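Undergrad: okay, predicted coordinates and the sequence, questions at the end:
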Amino acid sequence: GAVVSQHPSRVICKSGTSVKIECRSLDFQATTMFWYRQFPKQSLMLMATSNEGSKATYEQGVEKDKFLINHASLTLSTLTVTSAHPEDSSFYICSARTAGNGELFFGEGSRLTVL
Amino acid sequence: SQQGEEDPQALSIQEGENATMNCSYKTSINNLQWYRQNSGRGLVHLILIRSNEREKHSGRLRVTLDTSKKSSSLLITASRAADTASYFCATASYTGANSKLTFGKGITLSVRP
């Protein structure tokens, strides 16, 4: 199946710093990418939907200035957690899809720990 | 907001037994999907069933969908220790040009060797 790569897989940062997580579709062009957040033993909560070349659509309750999403190319979307705080510690997962409503492919996730 | 609600939330069985997991949802859907997640890893797509389908098979997996009851079940036959993972149902609803997946809380399956 198609491959979606996330980087870094783990990141530890100090409170107040910003962290960028990359999501790449390695063998297909992803017109749409989704960013999810998952707390331990919890479900995936959709944070935002990003379409290549346009602004991301954020879910209710997700601060767009806190979680900056850029989908600059058909193979790359980035999530930047700005001024991170311990409550932002979580598992962040991206998924990618080709045009239309094709199958979703998920990255391996990025575990963020904010000290 | 959560759409799918799985039950049980945790299931422990012996290798070789069948595992049945249920999912209920609240709104209209276009399709329902089941995913698997190993601890600390990403999600793996298992099977998709469309709203006009009632049953689907894939290897040891059998999925049913009852749109009148807004429920689905995932059956894993002849379970193996390697099936130990969390399983999520996700409902897909089309919103404009995109469809959006909404995940349930997940079921933790433990298969004892």
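TA: Sure thing, it's come through. On a predicted model such as this, the values are computed, not experimentally measured, just so you know.
Undergrad: now do the strands in chain A.
TA: A:4-7, A:10-13, A:19-25, A:32-38, A:44-51, A:57-58, A:67-73, A:76-81, A:90-97, A:105-106, A:110-114 (DSSP state E).
Undergrad: hang on, I meant chain B
TA: Under DSSP E, chain B gives strands at B:5-7, B:10-14, B:19-24, B:31-37, B:43-50, B:55-58, B:61-66, B:71-76, B:85-95, B:98-103, B:107-112.
Undergrad: and the second one, what other elements does it pack with?
TA: For strand B:10-14, the helices and strands in contact under the criterion 3 or more Cβ pairs under 8 Å, 6 or more residues apart in numbering or on different chains; DSSP states H and E are strand B:19-24, strand B:107-112. From N, CA and C alone the C-beta is placed, and that goes for glycine too.
Undergrad: then the fourth one?
TA: Counting contacts by 3+ Cβ pairs under 8 Å, 6+ apart, strand B:31-37 is packed against strand B:43-50, strand B:61-66, strand B:71-76, strand B:85-95.
Undergrad: export the strands of chain A to TSV and append columns for mean neighbour count.
TA: Supplementary listing: these in TSV, determined by neighbours: other Cβ atoms under 10 Å in any protein chain shown:
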stretch	mean neighbour count
strand A:4-7	19
strand A:10-13	14
strand A:19-25	21
strand A:32-38	24
strand A:44-51	22
strand A:57-58	18
strand A:67-73	18
strand A:76-81	22
strand A:90-97	25
strand A:105-106	22
strand A:110-114	19
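Undergrad: okay if I get these as CSV plus mean pLDDT?
TA: Listed next are the strands of chain A as CSV, based on pLDDT from 0 to 100:
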stretch, mean pLDDT
strand A:4-7, 94
strand A:10-13, 96
strand A:19-25, 96
strand A:32-38, 93
strand A:44-51, 92
strand A:57-58, 93
strand A:67-73, 91
strand A:76-81, 96
strand A:90-97, 93
strand A:105-106, 90
strand A:110-114, 96
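Undergrad: quick one: residue A:23 and residue A:48, what's the gap?
TA: 12 Å (Cβ to Cβ, to the nearest Å).
Undergrad: find residues that contact each of those two.
TA: residue A:35 (Cβ atoms under 8 Å, 6 or more residues apart in numbering or on different chains).
Undergrad: of all the helices and strands packed on strand B:31-37, which one is nearest residue B:23?
TA: strand B:85-95 (3.5 Å; Cβ to Cβ).
Undergrad: name the residues of the closest one that are buried.
TA: B:85-92 (16 or more other Cβ atoms under 10 Å in any protein chain shown).
Undergrad: and chain B, which residues reach chain A?
TA: Contacts of chain B with chain A, taken as Cβ under 8 Å from any Cβ of the partner chain, map to B:2, B:30, B:35, B:40-45, B:48, B:88, B:92, B:94, B:98-106, B:108.
Undergrad: of the residues you listed, just the buried ones, PyMOL syntax please.
TA: Burial among the residues of chain B next to chain A is assessed by 16+ other Cβ under 10 Å; the matching PyMOL selection reads:
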select buried, chain B and resi 35+41+42+43+45+48+88+92+99+100+101+102+103+104+105+106+108
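Undergrad: for the strands of chain A, give me JSON lines that also has distance to chain B.
TA: Converted to JSON lines, those look like this (distance: least, Cβ to the nearest Cβ, whole Å):
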{"stretch": "strand A:4-7", "distance to chain B": "7"}
{"stretch": "strand A:10-13", "distance to chain B": "9"}
{"stretch": "strand A:19-25", "distance to chain B": "11"}
{"stretch": "strand A:32-38", "distance to chain B": "6"}
{"stretch": "strand A:44-51", "distance to chain B": "4"}
{"stretch": "strand A:57-58", "distance to chain B": "9"}
{"stretch": "strand A:67-73", "distance to chain B": "13"}
{"stretch": "strand A:76-81", "distance to chain B": "14"}
{"stretch": "strand A:90-97", "distance to chain B": "6"}
{"stretch": "strand A:105-106", "distance to chain B": "4"}
{"stretch": "strand A:110-114", "distance to chain B": "7"}
